[in-house]
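missing the sequence, but the structure's below:
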């Protein structure tokens, strides 16, 4: 007898869809059969009229995350449940320099924080902010432990985590030796800081001023510089939260020349535009870095997804409350940067992507599951529906129409960026390693705990 059967659904693969029944046993997918051919299981889910998707992977979240004087309001129990309710079955968070003096210490401390608290599977990126010999040596140690991606911030000197060119060079050189992946937050910090100082001197510190102190060229220059150092060192490179047309064009050109470069964007850079900063009394809530851009940038990024230049959509989830955001209501310098989104990504991208014919269901599976699994060394354990892969599945009903409101979400925040949006399609069931943890749209209390995923070095690039 199987542990779980999902029957009569339309199963979505990266390159096709087909009607099929799926069977799970001991946490794995063990059968993909014709509809109606499977029946005996402890748990049977009828997916008729629904799509069956591989569990989504969020490669970019910040849970209980420090930013200046604030720390996000969630913890791993809350965030992982919210993720599961939104169809995400795996996330990759970060170990910040504040969490330990050395890379190994901060990874160990972060793992202790997550331990037995997450209900879905997880891994970590390690943030690197110096090029000391011990740091470079410990990158090697972490790769052997399955931490195979390292983040460099090209901005945030005020937070003392900015990577200058020497750090970019030496960390990329070490990563290239190991086959590890270097991930960057691409903004020219010194230029952004200089413009910010000028704005402060001129009294331009309202939310509407925020995107103008980080114009598109601040990202584009950093993208180009990071690619330069990747070319010099042979490092594999991943760009977090790409937001600009100019940055996309630079990445497209490098990819066309054969360089191993991948890019991610986020729902806010696809669905929102810079008019949000002018909303009376609430514009400052939308402050994130890089800033939300123009409708032209929105359209160009959608084209980048369709072309395959952008490989993934992460959330950059940061659960700051209204009170925390209001610290900087009159001065964008004091606003903790980031937006909540770990729960809403799949339905938003289905509604605005598949529902508006920007992408098809197969492309959605590629950008939310298949590509992140391959890029971050989780494939074929994660990211696909295949015999032997983890039974991480989402039953998604494309016919459900609903209104997205904060009161319906579970992210420990009292606001969301998409309040009142009309949605088309909703997560009905979520299965993690064969365990049904969301049923009929509700989280099921259980003793199930997510596991730390040791990632391998991706050999596809």
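Great, that's in hand. Just so you know, these numbers come straight off a predicted model, no measurement behind them.

Please pull up the helix or strand immediately following the helix or strand hosting residue 77.
Using DSSP states H and E, residue 77 sits in helix 76-85. Next in sequence after helix 76-85, counting helices and strands by DSSP H and E, comes strand 88-95.

Who are the packing partners of whichever helix or strand comes after that next one?
Beyond strand 88-95 on the C-terminal side, the first helix or strand identified by DSSP H and E is helix 103-114. Helices and strands touching helix 103-114, by 3 or more C-beta pairs under 8 Å, 6 or more residues apart in numbering; DSSP states H and E, are strand 88-95, strand 121-127, helix 133-144. Any C-beta I mention is one placed from the backbone N, CA and C, and that applies to glycine too.

could these be laid out in JSON lines, adding mean neighbour count, distance to residue 363 and mean pLDDT?
As requested, the helices and strands packed on helix 103-114 are arranged in JSON lines below (neighbours: other C-beta atoms under 10 Å; distance: least, C-beta to C-beta, whole Å; pLDDT from 0 to 100):
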{"stretch": "strand 88-95", "mean neighbour count": "27", "distance to residue 363": "18", "mean pLDDT": "98"}
{"stretch": "strand 121-127", "mean neighbour count": "24", "distance to residue 363": "24", "mean pLDDT": "98"}
{"stretch": "helix 133-144", "mean neighbour count": "16", "distance to residue 363": "31", "mean pLDDT": "97"}
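
remind me which residues of this protein are low pLDDT?
458-461 (pLDDT under 70).

mind giving me the domain split of it?
2-53+385-397+424-443, 55-375 (automatic domain parsing).

chain center to the longest one, what's the gap?
The one in question is domain 55-375. How far domain 55-375 lies from its chain's middle: 8 Å, per C-alpha atoms, centre = their mean, to the nearest Å.

Could you tell me how far the closest residue to residue 327 other than its chain neighbours is located from residue 73?
Once flanking residues are discounted, residue 327 sits nearest to residue 334: 5.2 Å by C-beta to C-beta, 6 or more residues apart in numbering. Per C-beta to C-beta, to the nearest Å, residue 334 is found 17 Å from residue 73.

One more: residue 64?
9 Å.

For the stretch 201-350 of the chain, which segments count as helices?
Taking DSSP state H, counting those that start in this stretch as the test, the helices found in the stretch 201-350 of the chain are 216-233, 245-256, 267-271, 295-307, 322-325, 345-349.

about what we covered before: got the helices and strands packed on helix 103-114 as CSV, with distance to residue 197 columns?
Shown next, in CSV, are these (distance: least, C-beta to C-beta, whole Å):
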stretch, distance to residue 197
strand 88-95, 28
strand 121-127, 25
helix 133-144, 30
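
who wins for proximity to residue 9 among those?
The closest of the helices and strands packed on helix 103-114 to residue 9 is strand 88-95. By C-beta to C-beta, the value is 16.5 Å.

circling back: so for residue 274, which of the helices and strands packed on helix 103-114 sits nearest?
Closest approach to residue 274 among those is made by strand 88-95 (26.5 Å; C-beta to C-beta).

What lies in contact with stretch 276-283?
Stretch 276-283 is touched from outside by 206-208, 210-211, 284, 286-287, 291-292, 329, 415, 417, with contacts defined as C-beta atoms under 8 Å, 6 or more residues apart in numbering.

residue contacts, the residue nearest to residue 327?
Residue 334 sits next to 68, 327, 328 when contact means C-beta under 8 Å, 6+ apart.
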